[in-house]
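Student: please find the sequence and the predicted model below.
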Amino acid sequence: MSANPFLELGLSEKLVNSLSSLGFEEPTPIQTKAIPVLLEGRDVLGQAATGTGKTYLSAFAVKKANPKRLLFLAHREQILKQACKTFAKIIPDIQYGILSANHKDFHKPYLFATINMLS
């Protein structure tokens, strides 16, 4: 039996087990290319179609970096809410907030904001 593809990319066994419990068995192409680079501590700028795992990829990187605070930007509130749920699956022990026209969770350590809120 071959090793889990996520393990082969260098993710921790604990994270790989979490991914397996969420139904993820194989990384997407952008994850395959970016995960090793992120694990080296280098920055990644990736472009891929909707639904290809970019938000999960971001969550993997944030989990490894373990920042005290995070600002995640998107152009629409619907995308923020989806991203927030994704991050909560990968990093469950953090308080998440939304900063948009409809939500003002300023004091949460991981903040997901619309770009309109920055102007």
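Tutor: The structure has been received and is ready for your questions.

Student: contacts and neighbour counts: CA atoms only from here.
Tutor: OK.

Student: in the chain, which helix or strand is least confident?
Tutor: Across the helices and strands of the chain, mean pLDDT, DSSP states H and E gives its lowest value to helix 13-21, namely a mean of 86.

Student: now the element after it, going C-ward?
Tutor: Once helix 13-21 ends, the next helix or strand along the chain (criterion: DSSP states H and E) is helix 29-39.

Student: for this protein, longest helix please?
Tutor: For the chain, the longest helix by residue count, based on DSSP state H, is helix 77-90.

Student: tell me the pLDDT of the closest residue to Gly53 other than its chain neighbours.
Tutor: Taking Cα to Cα, 6 or more residues apart in numbering, and ignoring the residues beside it in sequence, Gly53 has Thr28 as its nearest neighbour in space, at 6.4 Å. Per-residue pLDDT puts Thr28 at 92.

Student: do the same with Ala3
Tutor: pLDDT recorded at Ala3 is 79.

Student: so it, which of the three states?
Tutor: Here Ala3 is recorded as coil under DSSP: H, G, I helix; E, B strand; the rest coil.

Student: show me the contacts for the spatially most central residue of the chain.
Tutor: In the chain, the centroid-proximal residue (Cα atoms, centre = their mean) is Ala59; its distance is 1.9 Å. Listed by Cα atoms under 8 Å, 6 or more residues apart in numbering, the contact set of Ala59 reads 86-87, 90-91.
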